[in-house]
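I would like to see how this sequence folds:
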Amino acid sequence: MAHDMTGPPVDSSPGEQAGVVDLGAADQVRTDQPPGGVDVAPPVAAPEGTLPTPEPGKPRKLLYATLPGSWGALIAGCLSFTPSLLPRGGIVQGLIWGITAAIGYGLGVLAAWIWRAFAGRGPRPPRHRSWLIFFISAPVLIVVSFGLGQYWQHEIRKLMGVTDYSIPYVIASPFVAAAAFCLFLLIGRALRGLYRWVAQLLNRWIGRSAAKAVGWTLVVGLAYLVISGLLLQGFVNVMNSAYSLRDTKTAEGIQQPTTSLRSGGPGSLIPWDTLGWQGRNFVGKGPAVSDIEKFTGQPAMEPIRIYSGLASAPDATSRAALAVRDLQRAGGFDRKYLLVVTTTGSGWVDPALVDTFEYLSGGDAATVALQYSYLPSWISYLVDQSKAREAGVALFDAVYGAWSKLPQDQRPKLLVAGESLGSFGGEAAFTGENSMANLTNGALFAGAPNFNTLFRQFTDHRDPGSPEVQPVYQDGQIVRFANDPTTDIPPNGQPWEGTRVLYMLHPSDPIVWWSPHLIFSKPDWISEPPGSDVLGGMFWMPFVTFWQVTADLPFATGVPAGHGHKYISEYVDGFNAIMQPAGITSEELASLRKIIAGDD
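Numbers count the residues shown, from 1 in each chain. Next up is the predicted model:
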């Protein structure tokens, strides 16, 4: 928020508005009078221990702008047009523009206040010429930046094959920006006004400095409680209630299984009506035996799918234990491959992930997953990280506990997989690459969030000279990274024996690269040569880049497959790399990519 502090807070005299222009009466600006018609008079010293107040009958205006703040808003707003990871529509660009300008306004005001503090003087009215220079420069800079922004957006769309472009939304973006800027500016000024009122009140009983400190503390604390407690938690509660109602329903076209090889089917220990919306989708879909046989050209088995919903058992541990019992009942530990999947958000399992696994295994496979939240992935990404971690650990520990008791020559190959928040939960069961190698036969993670513990460990300690966008970790002995798994996965020529762990990440995936550190720190991936679908003109700026990548998050899957956070056919080559099924040709892999992408 832009806290408009044109002078030292609270104890500034009414003359602190000498450096502002009244947005409702700009024509009154004169060189000998501050914009807005506020008289400039030497500050009158207030009696010791009191807080000065504005002149009676002259309430503080809301619609005014300071010259330093205006320059800050202009510069930051123009910088908001620089390219980010994904193409942006006009409405989104308007929001980014407005929010960034509000941040710039606050920074400009703060910089001016600090300058005056070091200079040991109060605010001075800007000359008429200063405002004239601003009003001439502003439209020129905005038009140039707007034009460059449209060019950069065109280049990004061309990189990703995006054809959607709405001229009306582009025209609307300045109006959206103005609305967003004014909203955040007014919120900042309302908080400052509240602070002043609280400090004035406290000054009746305590000294001025103490009143200022306590006033700021109370207002900041109140703002935090309102945002995190009332607004955020209230929003989460409303969404949780809405999605919990959907969880009792079944998607159109989904039928209860008639096979005992799926949860909710005949003989299953997990009732159909406890699986939830996503659980019923998971067990009610998938390739048929005939589909797998058509692909492989050989007899196939019917895959096993086991799922435990939120209503199936009271907590993650008991849901995991129930899933393992149902897996044992269905004969999952007798298959050649056993896959443990940590779901995302409301319990979603990416169909492309599981379908690929079942095709490459010839159906001789079992997959087990459990639900940990009602919320969709983008909300769970913010508030349900601990639940994802708990679910990932509980499910893997339960499966591994039963698997490890089997004779070594009778165990299925144990694999782990997860996308996005699912990769976060999938990682949680392990302490590092050696733990993965000792406890599994392979792992595949797609679009890992930047806060993933092991993902960050591997990328932060990558081999010298390897880029963050596709790092090499310990010569690729266990863990490797692929931007495009259809090509050779670096390091080329190095042996990759035993357990294979593969992270698939797109250079344009904001889920992978978003981090609060973007506010103040320049990441390596921006300094390095860009990935194949990232514009070379992207560069880092404090605050601005953070907001740009943040704005990319909600639209991470709204791009063509193979870009952003949309992983589909990549699972074919990813699973082929870690499973190493015998006899799969490059032509069969190409055919399977079409099947998984829905183009067959």
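
And the strands in the stretch 401-550 of the chain?
Assignment of strands within the stretch 401-550 of the chain using DSSP state E, counting those that start in this stretch yields the ranges 413-419, 442-446, 479-482, 500-504.

I meant the stretch 201-350 of the chain, not that one.
Counting by DSSP E, counting those that start in this stretch, one finds strands in the stretch 201-350 of the chain at the ranges 304-308, 337-341.

would CSV of these with mean pLDDT be doable?
What follows is those, written out as CSV (pLDDT from 0 to 100):
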stretch, mean pLDDT
strand 304-308, 98
strand 337-341, 98
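
Switch those over to JSON lines; also include mean neighbour count.
Where C-beta positions appear, they are placed from N, C-alpha and C, glycine not excepted. Output for the strands of the stretch 201-350 of the chain, formatted as JSON lines (neighbours: other CB atoms under 10 Å):
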{"stretch": "strand 304-308", "mean neighbour count": "31"}
{"stretch": "strand 337-341", "mean neighbour count": "27"}
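
Turn those into a markdown table, columns for distance to residue 104.
Output for the strands of the stretch 201-350 of the chain, formatted as a markdown table (distance: least, CB to CB, whole Å):
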| stretch | distance to residue 104 |
| --- | --- |
| strand 304-308 | 49 |
| strand 337-341 | 44 |
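
Of those, which is nearest residue 106?
With CB to CB as the measure, strand 337-341 is the member of those nearest residue 106 (44.6 Å).

Other residues contacting the closest one?
332, 349, 353-354, 357, 361, 364-369, 395-396, 399, 403, 412-418, 422, 426, 579 (CB atoms under 8 Å, 6 or more residues apart in numbering).

so for the longest helix along the chain, what's the average pLDDT?
Of all the segments assigned as helix in the chain under DSSP state H, the longest by residue count is helix 167-202. Per-region confidence: helix 167-202 scores 90 on mean pLDDT.

buried stuff in it?
169-170, 172-174, 176-177, 180-181, 184-186, 188-189, 191-192, 195-196, 198-200, 202 (16 or more other CB atoms under 10 Å).

In the protein, what helix or strand scores lowest on average pLDDT?
Scoring the helices and strands of the chain by mean pLDDT, DSSP states H and E places strand 20-22 at the bottom, with a mean of 51.

any idea how far residue 334 lies from residue 368?
Look at residue 334 and residue 368: by CB to CB, to the nearest Å, they are 14 Å apart.

pretty sure residue 571 contacts residue 356?
Yes: the criterion here is CB atoms under 8 Å, and residue 571 meets it with residue 356 at 4.1 Å.

tell me, what's touching the two both at once?
Common neighbours of residue 571 and residue 356 are listed as residue 596 (criterion: CB under 8 Å, 6+ apart).

Touching stretch 138-156 from outside, list them.
Outside stretch 138-156, the residues within contact range by CB under 8 Å, 6+ apart are 70, 74, 77-79, 81-83, 86-88, 93, 162, 170, 535, 537.

Convert the C-alpha atoms of stretch 436-444 to CSV, please.
These are the backbone C-alpha positions of stretch 436-444, laid out as CSV (Å, rounded to 0.1, in the frame of the first residue of the first chain):
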residue,chain,number,x,y,z
MET,A,436,14.8,-41.0,-2.5
ALA,A,437,17.3,-43.5,-4.0
ASN,A,438,17.2,-45.8,-1.0
LEU,A,439,13.4,-45.8,-0.5
THR,A,440,12.1,-45.7,-4.1
ASN,A,441,12.7,-46.9,-7.6
GLY,A,442,12.1,-43.5,-9.1
ALA,A,443,10.4,-40.1,-8.8
LEU,A,444,8.8,-37.7,-11.2
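
got the contact list for that stretch?
Stretch 436-444 has contacts (CB under 8 Å, 6+ apart) with 353, 400, 413-417, 426, 429-430, 478-479, 498-502, 504, 571, 574-575, 578-579.

Drop anything exposed from these.
With burial judged by 16+ other CB under 10 Å, the buried subset of the contacts of stretch 436-444 is 353, 400, 413-417, 426, 429-430, 478-479, 499-502, 504, 571, 574-575, 578-579.

residue ranges with poor pLDDT in this structure?
In the predicted model of the chain, residues 1-63, 228-233, 378, 384, 599-600 satisfy pLDDT under 70.

which two in the contacts of stretch 138-156 are spaced the farthest apart?
70 and 162 (34.9 Å).

separation between residue 450 and residue 485?
Taking CB to CB as the criterion, residue 450 is separated from residue 485 by 20 Å.

what about the two, which has more around it?
When residue 450 and residue 485 are compared for neighbours, residue 485 comes out ahead with 23 against 19, by other CB atoms under 10 Å.

Ramachandran coordinates for that one?
In this entry, residue 485 is assigned phi and psi values of phi -70, psi -10 (degrees, to the nearest 10).
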